[in-house]
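> Fold the stuff below for me.
(chains A and B)
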Number of protein chains: 2
Amino acid sequence: MAVNLSPPDPARLAAIDGVELGFADAGIRKRGGRDLMLIRLAPGSRVAGVFTQNSFAAAPVQVCRSRLAARRPIRALLTNAGNANCGTGEAGLRAAERTCEAVARVLGCAPDEVLPFSTGVILEPLPVERIEAALPRCLATLGGANWAAAAAAIMTTDTVPKAASRAAQIDGRRVNVTGIAKGVGMLQPNMATMLAYLATDAAIGQSALEALARETADASFNRVTVDGDTSTNDSFVLVATARAGNREIANTADPGYGALRRAAIEVARELAQAIARDGEGATKFITIRVTGAAAEAEAVRVAKSIAHSPLVKTAFFASDPNLGRLLMAIGNAGIDDLDPAQVSLWLGDVQVIERGGRAAAYREEDGARAMRPAEIEVRVALGRGGAETTVWTCDFSYDYVKINAEYRT
Amino acid sequence: MAVNLSPPDPARLAAIDGVELGFADAGIRKRGGRDLMLIRLAPGSRVAGVFTQNSFAAAPVQVCRSRLAARRPIRALLTNAGNANCGTGEAGLRAAERTCEAVARVLGCAPDEVLPFSTGVILEPLPVERIEAALPRCLATLGGANWAAAAAAIMTTDTVPKAASRAAQIDGRRVNVTGIAKGVGMLQPNMATMLAYLATDAAIGQSALEALARETADASFNRVTVDGDTSTNDSFVLVATARAGNREIANTADPGYGALRRAAIEVARELAQAIARDGEGATKFITIRVTGAAAEAEAVRVAKSIAHSPLVKTAFFASDPNLGRLLMAIGNAGIDDLDPAQVSLWLGDVQVIERGGRAAAYREEDGARAMRPAEIEVRVALGRGGAETTVWTCDFSYDYVKINAEYRT
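Numbers count the residues shown, from 1 in each chain, chains lettered A, B, ... in the order given. So this is what the prediction gives:
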């Protein structure tokens, strides 16, 4: 079902010196297959993360937050699919810690040097024993070339694994960035997608790495939405192993920071767009660009009002140029002093709205033609200022309902 | 498809002395049938209205607002279904005015004593000539007993007409309130439902009538949501003909105000609930009650976060007790200092969540049983204070997608 999205070619994913990935079938996910993924980091690696803003942050998110806040060195990331370990109270926190203790035993590190991640059904106890039992198999597969297999091991209702690589030159050294992500529903990340991991071999200081994690999430995962629902488990982690041989990037003003930022954002955007392309039931990939806003936050509000409207999304599914629904969605963005007469809207190269009403030259057949492709750009000009943004989403089909009515059962 | 909703029995709808209703087939709505409705008000009637907060308020909404602000006496309300006259610019305003002029000619009143209302497709020019041509037929049917037929004439994708009546005693006089409404999608009224008309024969002063319109909308139409999309045409009008013989209700402290308020809110709630029962594709009617909030606005935020979540709504459709989705939705309400450990949740009489996690006594089979009925109450206790609210909604089915993918075509 995914829109113009192919599985990643393992040969095109750069290994990151200092990062090894392993996977196993732990029997957690009901439909079977690999559902456990372990990342081992070389000593000296730095880690930064951003996490969900949902009030019911899952147990593993709480553990990650406290370990990153304590600035402990991180040696491993453990992820299970099929169970979110959320809404599980004290027992859930203890379960997340027990999985870290198990990793620490097999890797020979301290339990608080392990970060846990979970994705799947909420309100179910985590089957810790199954994870413990599968860890040795995970360990046996550890290798630097396993990014594509790791991306597959963290999928839930994803239909295609999501992975990407980019390179940058810093101090005359080639620096690599490789990332994987999962997520197709319960998805309006409010910090990051459900789960995304990026790693680079660049050397970068801890505070610059943390800034890079935030900037990267804002420019990618925070600009994608499937259904407007923000998961309890959203986590995005950025790892830097310092193996590339560049002089350590000290802060965000360092020229190397800009080069690394570009590569990291490109990887993250490819993953974020892959999430929308693989959105539950998606048949169309929609790019919504809002220009002429008084501030970027305002542009985001308008773009997300369009991206979340069930009526707009079902019209895209039907390829029906029922474009008044776009007008309705812009009007619902909550911009108090919006002047409708300044608003224009294009669908691809077809101007649909000018001065707040139907464009004089607009013909229904042009609208029908513009709605037909599998990839559509909606551009809105608000006429209020110079700020803009771009958001990616997908349409809303029978299969979204089918997938979500049948998940679990 | 509507959930436990029957067409109104005309014999149970009280006529309102001073109000006559007529209808006709003007050929505006593509699927045919009656699509024009005229209400004639006796001299001395008072009118108050509340309208959509969407920035792209439709032309008729703009005309209504300016006429009500000018405090002109209102003698007629004209409504067409099938075309929203929205996003139509100056030409749309002129079209709305032309329909009022046509009504003024046939009724012998001034054009600015007529209020226009439209509902249907956005961004299409209003076919004024068809409305003008159908008006004489509308006029020929005018009568006080036509509430049920009028409710049918304003439907778009509604499957059941919506009408209700209540009576109150004021000064020893029987006072009647009768109302009709339409709306099943693009529906999270942010002032009123798409279109709703209530009339009473009570005598009530203008400012008290305006307060009553706001209070009634807040306690009814502003508490129902189908898909979270707020229409450009939402209008709620409250008419008082002063024919019941009560001493005029002077202000909101008048004992008669309380009696009339109760009757008006009961009528409006029955209509609002009918809208959720007839929500596009609805198979379940869901009542969401949030208690223990620090303020009513906070309770509304939590209730609507649940009511708008596509994941929650598809789980209801599937009768799948995937109740972690309810937790996710509460966590997304944006209450910064929400303490998950204080949150409890019941589905009917089954406690699902206690202290922010799965209730100790909860069994999956109890959840499955609680999800099965066509009418379900979700109760959330936030443990933060004494404020509460109730919101009504419906589930999200294949047919919502089908209806909205096929509307127009």
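
> How much space separates the residue of the stretch 301-409 of chain A found nearest chain B from A:Ile265?
Nearest residue of the stretch 301-409 of chain A to chain B (Cβ to the nearest Cβ) works out as A:Gly324 at 2.2 Å. Placement of C-beta: from N, CA and C, glycine included. Distance, A:Gly324 to A:Ile265, by Cβ to Cβ, to the nearest Å: 35 Å.

> who's more crowded, the two?
Higher neighbour count among A:Gly324 and A:Ile265: A:Gly324, with 27 against 20, using other Cβ atoms under 10 Å in any protein chain shown.

> Which element is encountered next along the chain beyond the one helix or strand A:Ala259 maps to?
Assigned by DSSP states H and E, A:Ala259 belongs to helix A:255-277. Once the chain leaves helix A:255-277, the next helix or strand it forms, by DSSP H and E, is strand A:285-293.

> Residues contacting that next one, please?
Residues from elsewhere that reach strand A:285-293, judged by Cβ atoms under 8 Å, 6 or more residues apart in numbering or on different chains: A:3-4, A:273, A:276-277, A:299-300, A:302-303, A:306-307, A:316, A:342, A:374-395.

> among those, which are in helices?
Among the contacts of strand A:285-293, DSSP state H puts A:273, A:276-277, A:299-300, A:302-303, A:306-307, A:316 in helices.

> which bits of the stretch 251-400 of chain A sit near chain B?
Residues of the stretch 251-400 of chain A found near chain B, taking Cβ under 8 Å from any Cβ of the partner chain as the criterion, are A:308-311, A:314-315, A:317-318, A:320, A:322-325, A:327-333, A:335, A:338, A:340-341, A:352-353, A:355-358, A:396-398, A:400.

> Pick out the residue in the stretch 101-250 of chain A sitting closest to chain B.
A:Ile122 (2.2 Å).

> Show me where the stretch 101-250 of chain A dips below the pLDDT cut-off.
Within the stretch 101-250 of chain A, the ranges that satisfy pLDDT under 70 run A:184-194, A:227-230.

> can you give me the helices for it?
A:128-140, A:147-153, A:206-218 (DSSP state H, counting those that start in this stretch).

> Mean neighbour count, those: which tops it?
Across the helices of the stretch 101-250 of chain A, averaging neighbours per residue (mean count of other Cβ atoms under 10 Å in any protein chain shown) puts helix A:147-153 on top, at a mean of 25.

> Tell me the helices and strands packed up against that one.
Judged by 3 or more Cβ pairs under 8 Å, 6 or more residues apart in numbering or on different chains; DSSP states H and E, helix A:147-153 is in contact with strand A:19-24, strand A:36-41, strand A:162-170, strand A:173-182.

> Now for A:Trp346, how many residues are close by?
Neighbours of A:Trp346 under the rule other Cβ under 10 Å: 18.

> before we move on, what SS does it have?
Under DSSP: H, G, I helix; E, B strand; the rest coil, the three-state class of A:Trp346 is strand.

> partners of the nearest residue to it once chain neighbours are set aside in the sheet?
Leaving aside its chain neighbours, A:Trp346 sits nearest to A:Arg379 (4.5 Å; criterion: Cβ to Cβ, 6 or more residues apart in numbering or on different chains). Beta-bridge pairing for A:Arg379 (DSSP bridges): A:Arg289, A:Trp346.

> Show me which residues of the stretch 51-200 of chain A are close to chain B?
Within reach of chain B by Cβ under 8 Å from any Cβ, the stretch 51-200 of chain A has these residues: A:54-57, A:84, A:86-89, A:91-92, A:121-124, A:185-186.

> any weak-confidence spans in the stretch 301-409 of chain A?
Applying pLDDT under 70 to the stretch 301-409 of chain A flags the ranges A:406-409.
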